[in-house]
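Visitor: have a look at this prediction, sequence included:
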Amino acid sequence: MAIRACLGLMILLVFSSTISTALFEDQVGLADWHQKYIGKVKHAIFHTQKTGRKRVVVSTEENVVASLDLRTGDIFWRHVLGKIDRIDQVDITLGKYVVTLSSGGSILRAWNLPDGQMIWESILQVSAPSKSLLHVPANMNVGKDNLILVFGGSSIHALSSTDGQIVWRKELSTNSLEIQQVFQPHDSDIIYALGFIGSSEFVAYYVNYKTGEVLQQSKASFKSGFCGEASLASDDVVVALDASRTYLVSISFRNGVINFQQIYIRDLIPEFSGKATLLPSKYNGILAVDIASSIVLLRVKGVNELEIIEKINYPSAISDALPLSKEQQAFAILQHDESRIHFKVKFDTDLTNEVLKETIQMDGQRGNIEKVFINNYMRTDRTHGFRVLVVMEDHSLLLVQQGEIVWSREDGLASIVDSTTSELPVEKEGVSVAEVEHSLFEWLKGHFLKLKGTLMLASPDEVAAIQAIRLKSFEKNKMTRDHNGFRKLIIVLTRAGKVLALHTGDGRVVWSVLLPVLRKSETCGNPFALNVYQWQVPHHHAMHENPSVLVVGRCGHNFDAPGIFSIVDAYNGKVHNSLVLEHSVRHIMPLPLTDSTEQNLHIVIDDNLHAHLYPKTSDSVKIFLDEMPNIYWYSVEVGKNIIKGYSLEIKGELDMAENVFQPKELWSIVFPSESETIALTATRKMNEIVHTQAKIVADQDVMYKYISTNILFVATVAPKASGEIGSATPEEAWLYAYLIDTVSGRILHRVSHQGAQGPIHAVVSENWVVYHYFNLRAHRHEMSVIEIYDQSREDNKDVWKLVLGKHNLTAPISSYSKPEVTVKSQSYFFTHSVKSLAVTVTAKGITSKQLLIGTIGDQVLALDKRFLDPRRSVNPTQSEKEEGIIPLTDSLPIVPQSYVTHALQVEGLRGIVTTPAKLESTTLVFSYGVDLFFTRIAPSRTYDSLTEDFSYALLLLTIVALVAALLVTWALSEKKELREKWR
Amino acid sequence: MGSSRGRSLVLFTLSTLLLVSIAGGFQSDELLQDDEEFGLEGGRPAADPALSTPTRPPIRRRPDPDLLSGSPDSKSVQFSLEHQFGGSGFFPAGTFTARLKSWSHGGQTLTKLRFSRNALTEEEKGAFERLLKEDGYYTIRVPSNVLTAPGRDFVVSSVRARCIPRESLDEHFIIHTDGVNIVAVNYGSAGACQYPRMLKYPAKWSFTSFTVLKNSEQAPRTPTFAEELLAGEDGLGEGVKPPEKSFWAKYWMYLIPLVFIVLNAMTQAMNMPEEQTAGQSTQAQRAPSTTVRRR
């Protein structure tokens, strides 16, 4: 019986190990998580009727149009329009369609409000993309065929809102017309369109709404010019800012007669200095002006009479007006007071009193309020209640009602700039992790349930319970380091300058910090987040020291703008140190060197190509100076088509306080600008580990990989073909691929692909490069692989040399030696166009590699590197087959099961980051775009551990049963023997 | 062991042969009258001081009537090599001469590169010695375009000075060209450069130069053989059919458990009758039990 049970177990094991690589339905969400975001909200439209009352429709800077649940903030539906399809405006028409105007006023789409299906789409002929306006007449009877007006460039389009047909089209003026304001007086068929021609001429059009006929047109020029902002104060007065932004110009246009009236802002507001901005608002007779320190509300009494109503000190925000009735409008004012926010609602009829006044406690890591959208609802006592949708400085979105934050969305995560990972704290004794641990009883219960599931005795309820337990396994959400290295912190930097730490277990935000140095300030007007690096990774003091990350930014988008450094604790988000550098930041090079406190040394190259060493301690300088002769760096000047290599040198005395090193140009490669432009460069990951330096090929032969960390892959394309696919003929298009050693500047390999063009994506790993481009001749995308092998170590194959120690395997390799390399390459067709390309990395580099391809459908596809083996041939020999070479096919297979993202989409996919786990077989994959997706994959399956769903309970039960059987049979045999003996 | 050694030897000879043959292929194009000067690709150490003209303008383009007479659609161009010892400026160091061949389709390619190195002056020798001492960089440059040289960028390359000295100063140029443009020049020692670099002076203070001209190779076309595959489907199936694995090699993982089961069953089967007979015998007959007792 024992043997049988053992056999049963063996068979069970054999079967469980042959599970395919694809995921089963109930395994979704075990090791992966997916988060949906929308990005920073630009516009929000509330719907006022029936079911729509529960929803808000938003459009964002990530070009997402989405419908959110007002009660929970969940996404009902959402559409990502793509990088180039910028949303200009959203509105609701007919009470059931959401209308979006995008791509500079050239695409108008209607979406069904309940489910987000597209109803119609119209492409408008716009001469040049310009500021465009969408006008949806509000108070029209539903049922009538409403027209939607689009003002863009110099033309007006009127479209039917039911099917998107263009009803009429009118060219207004041929030169640079910019319509600023459109409005329709109540119950009239005339549309007023007000705008500027050039910078100094004001123009008013009266257009028939039904036919598009221009009824009247009046123009007048204003000699000091306009800055291009205007705000409608009443039915016949519009207020604009002049070109210097110091004068308000009120323009009356009654009956086609235009009058200008200049008002010096300082006369109105004595403390005004600098430049003013008009806040876009639609109030009756009220104007909101943003002067640097505060927002000023002005009442327009007549053409030349303005009166200050209220001054709201910064930081504050003001909403658009919300019409409550024909003559009454409400608007919201939000004002910061340290950690509190004062929320006031006023009616425009009575500006001195507040209808509503509330105070909200706000988390300090969200920054200032950027935008407010107001919405009203009926209270239980039949009075007006107000709630506001608030967009914060960190791009998060909050709903505030009754003095509370009802829900919040961390939408800054839709715009991740860079990411890194950090280990979690080591499990310490005495530190309580009790909140995630469960009692023994629950543990037993869980395992009992699991056992039941395995034995197929569980009821459907219990199956659901098992699934729930698996999904929020306490193990994976612990805040401590695990043995397998699956639990880590992903530290991401968002465009808003916020740093967030996400737990790899379930993707929750462990901490977040809005870096003060990356916020707008007087010293740094336009801060810009760049990268995040590992600053300190303690190994020796892992128990009491926390790792930290370095966040790098820049004050402004120019390369010469001063740089920003901030060092943040990776465990709790505390900012240790932050500073605005005196020099600019062009490149940052993390060096593989650490100082005595285990801080990583970093070289910052500024705009003058001077190198600055960080941290600025004498200790780090000492370490650096020892290694300085072996430090080389390069810069790619894309515009000039030059790549230059440098070493560092000290000119004169080294200033110990500054640690500035001068560059010495060592090599340069000049691509002929008439035939090549640099399209892409790619390098190997610095932390990649290569396990085997040699590759055993068929017939017991060995090829040595050319493994150099200094390989740079450069792809250049013909200048004519640097545009979109189809902009050049195959004869005009070519692509050059280079492999360059960045120490000596040697071109190791150079190959041209005729008739190929970008967009190019590439990934470099070990001794190979894979790049993806478009083949114009074959009308298909292609992927090429280049593998580079070292010939100089070829004679090491001689065993006698190895035995006698005459090999050069241990000799240091110098980049200055003449390289003897051979290159193998092959191209394959690939169906998809690609958004991003990455490769798996594992802890020791033993596991075979997979390419991770971000497809155009926003999914991540894992493709085995063996498919991109240049040695594939049509008829591989027997020994080659044994080696695992796949017979050559002209295109790469796309196996539906090998999508890492299984059924999910990472909308707006921008990057794929791979990190090794401690377990050799496993790689952690984090992909980001508008959405986030994390999973772990095992390219060669988990050969070094039991799977997660391995039933320990069953094993235990089997052992117990075996022992019991053993005892029973032993007792039986004893008994029997005794009986025998008594016989 | 021996066979692998022998194979590697063969491979080595083959690869060297291949290299030589490539070099030979490059040579075979040679149409110059002074062919014998080109025994080796590249120039010889320019021991002749008459050749070196240090005051020569850096780059020029001079149609050589001798060479021109050879073929009508090619002309000779010259461009100079300049070098730098550490921090100071660049000085002329030699001249490259090449043949510019115009193709009917409009392209131009450089072929037949020759190089003549100026002899080192005493001053330069001193500078080089200093470089060797401080393990500095010896830098060279050539114009990035051989025709419209001034005003264009230079292509620069450097090497640690200590990599160069052997018997004489051995240098190796690889010039990557694209038509009349020079994309890059790779400069370095003719062989390996040991690390750590030892200070070593050459026996002879003159350069031995090897030059190679490289154009980009064209990537092979992506194989499109859908129809071939279809056609060769049956042939493929027959031709590449792997030799049948032995039955044991294929099914051992099933066989072992099977054998276990069979063995198990057999032992059971053997036990069962015994037990049964034993059980029966205790009641009915004593004969089997006596056999047991006899044991």
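Guide: Great, that's in hand.
Visitor: let me know the secondary structure of residue A:960.
Guide: Reducing the assignment at residue A:960 to three states with DSSP: H, G, I helix; E, B strand; the rest coil gives helix.
Visitor: give me the pLDDT value at it.
Guide: The predicted local confidence for residue A:960 comes out at a pLDDT of 95.
Visitor: distance of it relative to residue A:457?
Guide: With distances defined as Cβ to Cβ, to the nearest Å, the gap from residue A:960 to residue A:457 amounts to 17 Å. Every C-beta, even on glycine, is put in place using the N, C-alpha and C of the backbone.
Visitor: then residue A:383?
Guide: In this structure, residue A:383 lies at 58 Å from residue A:457, with Cβ to Cβ as the measure.
Visitor: next one: residue B:170
Guide: Remark: distance between residue B:170 and residue A:457 (Cβ to Cβ) = 81 Å.
Visitor: tell me which of those two has more neighbours.
Guide: Set side by side, residue B:170 and residue A:457 give different neighbour counts by other Cβ atoms under 10 Å in any protein chain shown, the larger being at residue B:170 (19 against 9).
Visitor: quick one, phi/psi of that one?
Guide: Comment: the main-chain dihedrals of residue B:170 come out as phi -100, psi 120, following degrees, to the nearest 10.
Visitor: right, and it touches residue B:187 too?
Guide: No: the pair residue B:170 / residue B:187 is not scored as a contact, 11.6 Å apart, by Cβ atoms under 8 Å.
Visitor: now the strands for the stretch 1-150 of chain B?
Guide: B:59-60, B:74-85, B:91-102, B:108-117, B:137-143 (DSSP state E, counting those that start in this stretch).
Visitor: how about JSON lines for these, with distance to residue A:579, mean pLDDT and mean neighbour count added?
Guide: Shown next, in JSON lines, are the strands of the stretch 1-150 of chain B (distance: least, Cβ to Cβ, whole Å; pLDDT from 0 to 100; neighbours: other Cβ atoms under 10 Å in any protein chain shown):
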{"stretch": "strand B:59-60", "distance to residue A:579": "48", "mean pLDDT": "42", "mean neighbour count": "18"}
{"stretch": "strand B:74-85", "distance to residue A:579": "38", "mean pLDDT": "85", "mean neighbour count": "21"}
{"stretch": "strand B:91-102", "distance to residue A:579": "45", "mean pLDDT": "86", "mean neighbour count": "20"}
{"stretch": "strand B:108-117", "distance to residue A:579": "52", "mean pLDDT": "83", "mean neighbour count": "20"}
{"stretch": "strand B:137-143", "distance to residue A:579": "35", "mean pLDDT": "89", "mean neighbour count": "23"}
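Visitor: out of those strands, flag the one nearest residue A:869.
Guide: For the strands of the stretch 1-150 of chain B, the distance to residue A:869 is smallest for strand B:108-117, at 33.4 Å, taking Cβ to Cβ.
Visitor: can I get the closest one as CSV, trimmed to CA atoms?
Guide: These are the backbone C-alpha positions of strand B:108-117, laid out as CSV (Å, rounded to 0.1, in the frame of the first residue of the first chain):
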residue,chain,number,x,y,z
GLN,B,108,31.0,57.2,-55.0
THR,B,109,33.2,54.9,-53.1
LEU,B,110,36.7,55.0,-51.8
THR,B,111,39.0,52.2,-52.7
LYS,B,112,42.6,51.4,-52.7
LEU,B,113,43.7,53.2,-49.7
ARG,B,114,47.4,53.9,-49.2
PHE,B,115,49.0,55.5,-46.3
SER,B,116,52.3,57.2,-45.9
ARG,B,117,53.3,58.1,-42.4
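Visitor: tell me which strands that strand pairs with, and in which orientation.
Guide: Using DSSP bridges, the strands paired with strand B:108-117 are strand B:91-102 (antiparallel).
Visitor: let me know the angle separating the strand it pairs with from strand B:74-85.
Guide: Direction vectors for strand B:91-102 and strand B:74-85, defined by axes from the mean of the first three to the mean of the last three Cα atoms, to 10 degrees, enclose an angle of 160 degrees.
Visitor: and residue A:659, its phi and psi?
Guide: Residue A:659 has phi and psi values of phi 60, psi 50 when expressed as degrees, to the nearest 10.
Visitor: quick one: secondary structure of the residue lying closest to it once chain neighbours are set aside?
Guide: The spatial neighbour of residue A:659 that comes closest, neighbours along the chain excluded (Cβ to Cβ, 6 or more residues apart in numbering or on different chains), is residue A:613 at 4.1 Å. Secondary structure assignment for residue A:613 (three-state DSSP): strand.
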